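In: take this sequence and fold it.
(3 chains)
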Amino acid sequence: MVKCASHLVIGMKGVFKLATQNTNSFSVQKMIQEKKKKKSAGGITEKIMPYILFLTAAVSVLTTIGIVLTLIFETFLFFDAVSIKEFFTGKVWYPFSETNGSFGILPLIMGTLKVTVIAAIVAVPIGLASAIYLSEYATDRARRIIKPILEVLAGIPTIVYGFFALTFVTPILRDIIPSLEIFNALSPGIVIGIMITPMIASLSEDAMTSVPNAMREGALALGATKFEVAIKVVLPAAISGIVASIVLGISRAIGETMIVAVAGGSTPNLEWNITGSIQTMTAYIVQVSQGDVGYGTTIYYSIYAVGMTLFVFTLVMNLLAQYITRRFREEY
Amino acid sequence: MNLINHDTVVKRMKPRLSKNSISKWIFFALTMFVLLILGILLYRIFSQGFGYLDLQFLQSLPSRKPENAGVYAALIGTIWLMAVVAPVSLLLGVGTAIYLEEYAKENALTNFIKVNISNLAGVPSIVFGLLGLTVFVRALAFGTSVLAAGLTMSLLVLPVIIVAAQEAIRAVPNQLREASFGLGATKWQTIVRIVLPAAIPGILTGGILALSRAIGETAPLVVLGMPLFLAFLPKTFLDSITVLPLQIYNWTGRPQVEFHALAAAGIIVLLFMLIVMNSIAVLIRNKFQKRY
Amino acid sequence: METSTAAANIVNTEEKQIVYKTSDLDLWYGDNQALKKINLDIMENEVTAIIGPSGCGKSTYIKTLNRMIELVPGVRTSGEILYRGKNILDKSYQVEELRTKVGMVFQKPNPFPKSIYENVAYGPKIHGIRDKKILDQIVEKSLRGAAIWDEVKDRLTQNAYGLSGGQQQRLCIARCLAIEPDVILMDEPTSALDPISTLKVEELVQELKKDFSIIIVTHNMQQAARISKKTAFFLNGEVIEFSETNKIFSTPADKRTEDYITGRFG
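Out: The predicted structure follows:
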């Protein structure tokens, strides 16, 4: 009976509500239908937006295509004047000759190689040590302080590092190694190493922290020390991410421009010594861009040939890093 | 008979433990070394450049005399550059992100676009300079203008903005989209009224970080042929500019110590701008974190 | 009680029409068939409950009724669903138009990160109603209709995320009422709510059925028994039984229905 009564009340409410609705002078549905009729063209936005957005997405693809085509076309023009064989096997890079310059890219590659190897020697141990410290040893508080500082380090413009290399690192190194020239491979190499350290550290740390704790606990429960866990459990488990981070770091070092342009010099050579002046691929492009080389000359086109070589180097490294992450992705 | 002799295990324990504690200190020391370098770098630059840092330095055009030189032209140039980079890169970046997250079907083309973007992020900045030189400076005949520099920089930072915007859009819960669709909203209405407002803090954070990258870039502008030394201000987008990093590069390249001090002062200004921008980004991120 | 409902039934069947007529509906997610030959006639101005164990297809079915199911990639359908006589599965049927007539309330409260007012006004606004006075009226009427007006009238400009879960869900119902739909679909609307909020929503449903046709998915059998007039029991993508709620819960025709409502599985 009680239930019945409550039904009754609700029923009355419903009637009441219907009544109020009827006194309302408008119906939302009717208004919606009227608005629909008026702006039947409103559907156009809906139809064309996906295409407009697709066009914006296409810009990034066009950029890549633009880069590749630009490099290819201008490089072809360069190869009209200089044979491919000379470019890749010639041992002298001396483009600024009045009569006929030599365009053998090996000295520039050598310069890039020296700087990159030095950078890797600096960055890999320090970067990995920081990554291990942050992921395995550091307290939450230490991590919260150190990680943002590493981010700051990664965000410093490269021209600032270049200035630092030329005005601070080089003078100090010259005190230690008297034979070091003002422009050399060592100083920019070290500074590039410092520049890419945060990148290697943070990417490697990401790889290490994603190793599940259960794996660490398993080893610790058997009496392993933290060091043994880090080296024998975590490092092997995270190895693909670590290697990928190193490859990416090296790719950055190869493409780095301002540090070597400021502190590396402009003397392309094939020597192994790191105390003398060098020139990298990037520094050569900067040198030519800054000078007043005429448009359409062989020297002008040479920066594209060098840029093409640089692009291929870094692209291969980037693809390699992607391949490593994908091919050896750990399934935990 | 025991296969494991616990005595030897205990005996071997000691060297293992000392190895453990030594290595811990090595890892710690190397990490501190990185921070130390940052400290030295900042200290050096401040002690070198602070003397030159005054109002006159901020208000003066570059000069051949170090005591009269300033960064005014470079500061104004940087603002002009941002006036091109900010709208262009945000429009293209957010548009791409919306397309990829809301419209694109999972197919080979979409996959190609995604792979392409991640590869683009790894292309050295100097190569973007070569692209800009050919396309914007020469082919489209913008010359060494704000426009050419801005467009080149926009393409350079595009991957950063795309990835940030994608993450922000992905973080908007699907329930909100469903609620909107359930009321008869169209896809575009849902994107404009629900998804984008919710994603804006993330997009802004990414956008500011991308702009701060553009402010510090030097190499592509050198390749475009932007002047390192410019004693007048731009009036239109087809005028030439110089920017802070170029000015710093110019001063660094001179042999006189006074110019190095000027470069350091310029770096302080540049770093100050970056710190301000990054702080804004962090503020936005903290203010709007986890709203759902 | 029995007799009075029966009497009401007789009266109702005379004037009530079918809102949704589903015939031979099949639905696949990729290769998985989620719905098999569904045939259901749903009447207007009453509450129809859909019950069944998890994964039986009840949620899939209700989402097909306003084509929200299309948001899942790789969904295919065959058969037809007539809404007021028109096949909504026909691609030429404007999906936005369907959804302005068929409102939906979701499992979890999903208000927009906007003010309470903007949440309710959202529907009318996207359909082009911009007159502030009319919007004010719509907002008030909808919030009253969802029995939440008194709780929020003083803070309409505050963010909806400040409301409790139960209030949020009633706000979502108000948002749905604001476009004056013909049908309201409810997909387990109380599964994320506490018992008291659940009760409030149930009371609300009782009131709303006077003006709207309501289809509610629930895995709470008592809820179905309390609020619905008819109940459909789904199992493995099929409709096992569909009849008057009190019949299904007192004398189910199918053994599987009986097993389910007596708690032997599910």
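In: pLDDT score assigned to residue 70?
Out: You didn't say which chain, so I picked chain A. We have a pLDDT of 93 for A:Thr70.
In: that answer is for a different chain, and I need it for chain C
Out: 87.
In: wouldn't it be in contact with C:Leu98 here?
Out: No: using C-beta atoms under 8 Å, C:Glu70 is not in contact with C:Leu98, being 11.0 Å away. In short, each C-beta sits where N, CA and C put it, glycine included.
In: for the two, indicate the residue with more neighbours.
Out: More crowded of C:Glu70 and C:Leu98, by other C-beta atoms under 10 Å in any protein chain shown: C:Leu98, with 17 against 13.
In: pull the contacting residues for that one.
Out: By C-beta atoms under 8 Å, 6 or more residues apart in numbering or on different chains, C:Leu98 lies in contact with B:Gly184, C:Asn66, C:Arg67, C:Tyr83, C:Ile88.
In: Three-state assignment for it, please.
Out: At C:Leu98 the chain is in helix, as set by DSSP: H, G, I helix; E, B strand; the rest coil.
In: cool, B:Lys105 as well?
Out: coil.
In: what separation do you get for it and chain A?
Out: Plainly put, B:Lys105 is 11 Å away from chain A if you go by C-beta to the nearest C-beta, to the nearest Å.
In: from B:Lys114, how far out is that residue?
Out: Applying C-beta to C-beta, to the nearest Å, the value for B:Lys105 to B:Lys114 is 13 Å.
In: neighbour count winner among these two?
Out: The neighbour comparison of B:Lys105 against B:Lys114 (other C-beta under 10 Å) goes to B:Lys114, with 17 against 7.
In: ok, and for the helix or strand harbouring the more buried one, which residues are buried?
Out: Using DSSP states H and E, B:Lys114 falls within helix B:108-120. Neighbour counts over helix B:108-120 (16 or more other C-beta atoms under 10 Å in any protein chain shown) mark B:Ile113, B:Lys114, B:Asn116, B:Ile117, B:Asn119, B:Leu120 as buried.
In: so how far is it from its chain's centroid?
Out: Chain-centre distance of helix B:108-120: 21 Å, with C-alpha atoms, centre = their mean, to the nearest Å.
In: for chain B, what's the nearest residue on the stretch 201-332 of chain A?
Out: A:Gly255 (2.6 Å; C-beta to the nearest C-beta).
In: next up, the contacts around that residue.
Out: A:Thr282, A:Leu310, A:Thr314, B:Val123, B:Pro124, B:Ser125, B:Ile126, B:Val127.
In: mind running it again at 6 Å?
Out: A:Thr314, B:Pro124 (C-beta atoms under 6 Å, 6 or more residues apart in numbering or on different chains).
In: so B:Val94, which of the three states?
Out: Per three-state DSSP, B:Val94 ends up helix.
In: roughly how far apart are B:Tyr43 and chain C?
Out: In terms of C-beta to the nearest C-beta, B:Tyr43 sits 45 Å off from chain C.
In: per-residue confidence at that residue?
Out: pLDDT, B:Tyr43: 94.
In: swap in A:Gln33?
Out: What the model reports for A:Gln33 is a pLDDT of 78.
In: how many neighbours does it have?
Out: Residues near A:Gln33, counting by other C-beta under 10 Å: 14.
In: how far away is it from C:Ile129?
Out: 11 Å.
In: ok, now A:Thr158?
Out: From A:Thr158 to C:Ile129 the distance is 55 Å (C-beta to C-beta).
In: more neighbours: which of those two?
Out: A:Thr158 (24 against 20).
In: up against chain C, what does the stretch 51-200 of chain B have?
Out: B:Gln175, B:Leu176, B:Ala179, B:Gly182, B:Leu183, B:Gly184, B:Ala185, B:Thr186, B:Gln189, B:Ile194, B:Ala198 (C-beta under 6 Å from any C-beta of the partner chain).
In: show the backbone phi and psi for the last one.
Out: In terms of degrees, to the nearest 10, the main-chain angles of B:Ala198 are phi -70, psi -30.
In: what number of residues lie near it?
Out: Neighbours of B:Ala198 (other C-beta under 10 Å): 22.
In: now the fifth one
Out: Close neighbours of B:Leu183, defined as other C-beta under 10 Å, add up to 25.
In: list the contacts for it?
Out: B:Leu183 touches C:Gly123, counting by C-beta under 6 Å, 6+ apart.
In: any idea how far B:Gln59 is from it?
Out: 56 Å.
In: do the helix or strand harbouring A:Phe76 and chain B meet?
Out: According to DSSP H and E, A:Phe76 maps onto helix A:43-81. Yes: using C-beta under 6 Å from any C-beta, helix A:43-81 reaches chain B at A:45-46, A:49-50, A:53-54, A:56-57, A:59-61, A:63-64, A:66-67, A:70.
In: gap between the helix or strand that that helix is followed by and the chain center?
Out: Per DSSP H and E, the first helix or strand lying C-terminal to helix A:43-81 is helix A:84-89. How far helix A:84-89 lies from its chain's middle: 30 Å, per C-alpha atoms, centre = their mean.
In: can you name the next helix or strand after helix A:84-89?
Out: Trace forward from helix A:84-89 with DSSP H and E and the next one is strand A:93-94.
In: ok so, going back, what comes up buried for the helix holding A:Phe76?
Out: Counting neighbours by 16+ other C-beta under 10 Å, helix A:43-81 gives A:49-50, A:53-54, A:56-61, A:63-64, A:66-67, A:70-71, A:74-75, A:78 as buried.
In: name the helices or strands packed onto it?
Out: Here helix A:43-81 touches helix A:298-327, helix B:72-98, helix B:108-120, helix B:125-132, helix B:187-190, going by 3 or more C-beta pairs under 6 Å, 6 or more residues apart in numbering or on different chains; DSSP states H and E.
In: could you give the angle of that helix to helix A:298-327?
Out: 120 degrees (axes from the mean of the first three to the mean of the last three C-alpha atoms, to 10 degrees).
In: and chain A, which of the buried residues of helix B:108-120 reach it?
Out: B:Ile113, B:Asn116, B:Ile117, B:Asn119, B:Leu120.
In: measure the last one to B:Met82 for me?
Out: Look at B:Leu120 and B:Met82: by C-beta to C-beta, they are 21 Å apart.
In: same deal with the third one?
Out: Using C-beta to C-beta, we find B:Ile117 at a distance of 23 Å from B:Met82.
In: give me every residue that touches residue 225.
Out: Chain wasn't specified; assuming chain A. B:Arg16, B:Asn20.
In: I was thinking of chain B, sorry if that wasn't clear
Out: B:Thr144.
In: next one, pLDDT for it please.
Out: 89.
In: quick check: phi and psi on it?
Out: phi 90, psi 20.
In: so C:Ile38 lies in a helix, does it not?
Out: No: C:Ile38 is assigned strand when assessed by three-state DSSP, not a helix.
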